[in-house]
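Asks: pasting a predicted model and its sequence here:
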Amino acid sequence: MTELWEKLSESVILGNTDETKKLTQQALDEGAQAHEILEKGLLPAMDVVGQRMKSGEMFIPEVLLSARTMGAGMEILRPLLSENDADGIGTVIMGTVEGDLHDIGKNLVGMMLEGSGFKVVDLGAGVKPQAFVEAVKDYKPRIVGMSALLTTTMPKMKETVDAIKEAGIREQVKIMAGGAPVTQEFCDKIGADAYGDNAGSAVEKAKALVNR
C-alpha cells in the first residue's frame, strides 16, 4: 500500500480533488481502514503543505486548494471513522474577535487545522468574549484560537482571555492568537499560550500545544 499512500498524499498536495477521491475510495476497496487512510495518506500531505507554505514554496491559493482537496477525501472517510477518530487530535474553537470582521486568515488556518487532523468549530467574525466562553463550555475544545486584523480590536483579545479566566475554565484550554498586527510580545502580555505568525506556523504551534 506504500505506493498508494504516496500517490494519495501527492494528489492532495497538488490539489487534485478527483484523484484524491478516487484514491481514497480505492484504498477502502483494497481493505484499508478509514483511520489508516487518514494517518498514512491525507495527514502527511498537509504536513508537507504546511512546511512548503512556511518556506515560501507554496502560496495561499495553492494551500487553500490542497486543504479543500483534503476535505474531499475526508468527506468519504468521515462516516466510517469512529467518534474518536472523527474528533481527530482535538477540537479547536476559532473566531475573529468582537469589532473585527476580517476572516480570510482565520479561515485559512481553520482549513489547515482540519487538514492536520483537528476538529474545528468556527465561530465566525466579530465574536464577543462571552461567546468564546460559551463555546468552550459547549464544545470542550483543547484550543481556543483568536484572530484580529485591526489594532483597534486587539484589546478584545485580552478581554476574551480575561473572560475565560473569570469563567473558571482557563485551565481547560490553551489559547492561541494571531493576525497581522499581533506579535509574540502582545500574546505574552495578554496571557495567551501561543502565537502563530502565519497559517503554517499556527498549525505547528497547535500540534505542539496538544502534544505537551
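Replies: Nice, I can see it.
Asks: in the chain, which helix is the longest?
Replies: Taking DSSP state H as the criterion, the chain has its longest helix at helix 60-77.
Asks: ok, which stretches of this structure are helices?
Replies: 2-13, 17-29, 34-37, 43-55, 60-77, 83-86, 104-115, 129-139, 155-166, 184-190, 199-211.
Asks: and the fourth one, what does it pack onto?
Replies: So the one you mean is helix 43-55. Applying 3 or more Cβ pairs under 8 Å, 6 or more residues apart in numbering; DSSP states H and E, one finds that helix 43-55 contacts helix 2-13, helix 60-77, helix 104-115, helix 199-211. (C-beta placed from N, C-alpha, C; glycine too.)
Asks: nearest to Gly41 among those would be which one?
Replies: helix 2-13 (3.6 Å; Cβ to Cβ).
Asks: report all helices and strands that that closest one contacts.
Replies: Against helix 2-13 (3+ Cβ pairs under 8 Å, 6+ apart) you get helix 17-29, helix 43-55, helix 60-77.
Asks: mind putting those helices into JSON lines with mean neighbour count and distance to Asp100?
Replies: Below are those laid out as JSON lines (neighbours: other Cβ atoms under 10 Å; distance: least, Cβ to Cβ, whole Å):
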{"stretch": "helix 17-29", "mean neighbour count": "18", "distance to Asp100": "32"}
{"stretch": "helix 43-55", "mean neighbour count": "19", "distance to Asp100": "23"}
{"stretch": "helix 60-77", "mean neighbour count": "19", "distance to Asp100": "19"}
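Asks: and those helices as a markdown table, adding mean pLDDT?
Replies: As requested, the helices and strands packed on helix 2-13 are arranged in a markdown table below (pLDDT from 0 to 100):
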| stretch | mean pLDDT |
| --- | --- |
| helix 17-29 | 97 |
| helix 43-55 | 88 |
| helix 60-77 | 90 |
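Asks: dump those helices to JSON lines, plus distance to Gly117.
Replies: Output for the helices and strands packed on helix 2-13, formatted as JSON lines (distance: least, Cβ to Cβ, whole Å):
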{"stretch": "helix 17-29", "distance to Gly117": "15"}
{"stretch": "helix 43-55", "distance to Gly117": "5"}
{"stretch": "helix 60-77", "distance to Gly117": "10"}
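Asks: closest one to Lys207 among those helices?
Replies: Of these, nearest to Lys207 by Cβ to Cβ is helix 43-55, at 9.3 Å.
Asks: quick one: the closest one to chain centroid distance?
Replies: What separates the centre of helix 43-55 from the centre of its chain is 13 Å, taken as Cα atoms, centre = their mean, to the nearest Å.
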